[in-house]
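Chemist: quick check, what structure comes out for this input:
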Amino acid sequence: MLELAILGLLQEAPMHGYELRKELATKLGTIRAAISYGTLYPTLKRLHSAGWISEQAPETDIVPPMTSKRGRIVYKITAEGKERFADLLAQAGPETYDDAGFGVHFTFFSRTDRATRLRILEGRRRRIEERREGLRDVLARAGDRLDAYTLELQRHGLDACEREVRWLEELITNERSGRAPSVATGGTPDSAAEPVVEAPPEEPAPHQDRP
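Modeler: Coordinates of the predicted model:
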């Protein structure tokens, strides 16, 4: 998945290691914690050995802060690397349904064909539905034996699964109809709702003197 992410970013512009790690952390969101220089540079070395990226000296003497001499190398995708990136984008196997794999592929959905996007979304939905049913089973069979905090954690996981399933179903509907996510998830503006008209307050009954 890191290979796909690096090649995708280098298609946008050449970058040195510091810039790559920064962009990876920004675009990959929740899985950015797994990206360190200890995993980034070996992957870059492997991509370079395969001929998918090239190395070149920077055009200026400006050195990014907190980088070593190795970090000054600028990496650029090659023609073979672009073909490799296209091949990786077309993959829609089980590895694309997992958290990390799905997150990376979803980042580059705008460059992925609709049929592949749909297969990945449907596979991810099945994976999350399985996770949801597992949590429901745990709560049904052992909920009364869990302490309050473990029980709350299980419920939190179940809620997260249910929200993601709804989100995925909306995206799948969107893909099948050819609409962009912003259109599908935009909802109905508040201004379109019927205005609420309050009834005027009732007039107080006239005071009557006792006989």
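
Chemist: against Ala140, how distant is Phe146?
Modeler: One correction, residue 146 is Leu, not Phe. 12 Å (CB to CB, to the nearest Å). Quick note: C-beta positions are derived from backbone N, CA and C, even for glycine.

Chemist: of those two, who's got more company?
Modeler: Set Leu146 next to Ala140 and count neighbours by other CB atoms under 10 Å: Leu146 wins out with 15 against 9.

Chemist: looking at it, that one is touching Leu135, isn't it?
Modeler: No. If you go by CB atoms under 8 Å, Leu146 and Leu135 don't touch, sitting 11.8 Å apart.

Chemist: from Glu83, how far off is His48?
Modeler: Counting by CB to CB - His48 and Glu83 are separated by 16 Å.

Chemist: swap that for Thr43, please
Modeler: 18 Å.

Chemist: neighbour count winner among these two?
Modeler: Thr43 (16 against 12).

Chemist: which strand or helix spans the more buried one?
Modeler: Following DSSP states H and E, one finds Thr43 within helix 37-49.

Chemist: ok, now which ones touch Gly123?
Modeler: 92, 94, 96-97 (CB atoms under 8 Å, 6 or more residues apart in numbering).

Chemist: from those residues, which is closest to Met15?
Modeler: Nearest to Met15 out of these is Thr96 (CB to CB; 24.6 Å).
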